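**Q** Sequence and predicted model, in that order:
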Amino acid sequence: MLGISTLCFTVAVIAGAWLGINVLQGRRPLRVMKPVHVGAALIGSIFMIIALINGEQGLMLNVALAVAVVAFGVLMSWARKKGYLIAPLYVCHILLAVLFYLSLVSVTLFPNF
């Protein structure tokens, strides 16, 4: 379950990077990229919760980071729909997502660490 979760979050990272790069370059990203980013993260979260239920104890930090990443993502989306572009929300979302992903990969690759 943890490997599938990591794979899903890898897809979310790639889609998020694609979104971010396009926005920074002033281009409009493909319409499908946001649903791919959110969907892959949602599916990865479900598999992460299943792994947690199955006794994977090293995921508690990841759960806390995932909640924070989702909160900033929802705030970003809400602000964007209102017409605001608040850079600190994007920065916090990205930094927390990087920490989350590194932690998840570490738990997946080194389960006894």
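**A** That came in fine, so what should we check first?

**Q** how close does Leu95 get to Asn62?
**A** Applying CB to CB, to the nearest Å, the value for Leu95 to Asn62 is 15 Å. Yep, even glycine has a C-beta here, placed from its N, CA and C like the rest.

**Q** Equivalent analysis for Lys81, please.
**A** On the measure of CB to CB, Lys81 and Asn62 end up 28 Å apart.

**Q** out of Leu95 and Asn62, which sits in the more crowded spot?
**A** Asn62 (25 against 13; other CB atoms under 10 Å).

**Q** Tell me who's in contact with the more buried one.
**A** The neighbours of Asn62, taking CB atoms under 8 Å, 6 or more residues apart in numbering as the test, are 48, 100, 103-104, 107.

**Q** swap in Thr6?
**A** 44, 104-105, 108 are the contacts of Thr6 under CB under 8 Å, 6+ apart.

**Q** Just the buried ones out of those residues, please.
**A** Buried members of those, counted by 16 or more other CB atoms under 10 Å: 44, 104, 108.

**Q** got the buried residues for the strand or helix carrying the second one?
**A** Using DSSP states H and E, Leu104 sits within helix 87-109. Of the residues in helix 87-109, those with enough neighbours to count as buried (16+ other CB under 10 Å) are 89-90, 92-93, 96-97, 100-101, 103-104, 107-108.

**Q** Can you tell me what sits against stretch 67-77?
**A** Counting by CB under 8 Å, 6+ apart, 38, 41, 45, 86, 89-90, 92-93, 96-97, 100 sit against stretch 67-77.

**Q** Return the closest of those residues with respect to Val23.
**A** Using CB to CB, Tyr90 comes nearest to Val23 of those, at 8.6 Å.

**Q** which residues touch the closest one?
**A** Counting by CB under 8 Å, 6+ apart, Tyr90 touches 20, 76.

**Q** I'd like to know how far it sits from Val63.
**A** The separation that Tyr90 has from Val63, given CB to CB, amounts to 23 Å.
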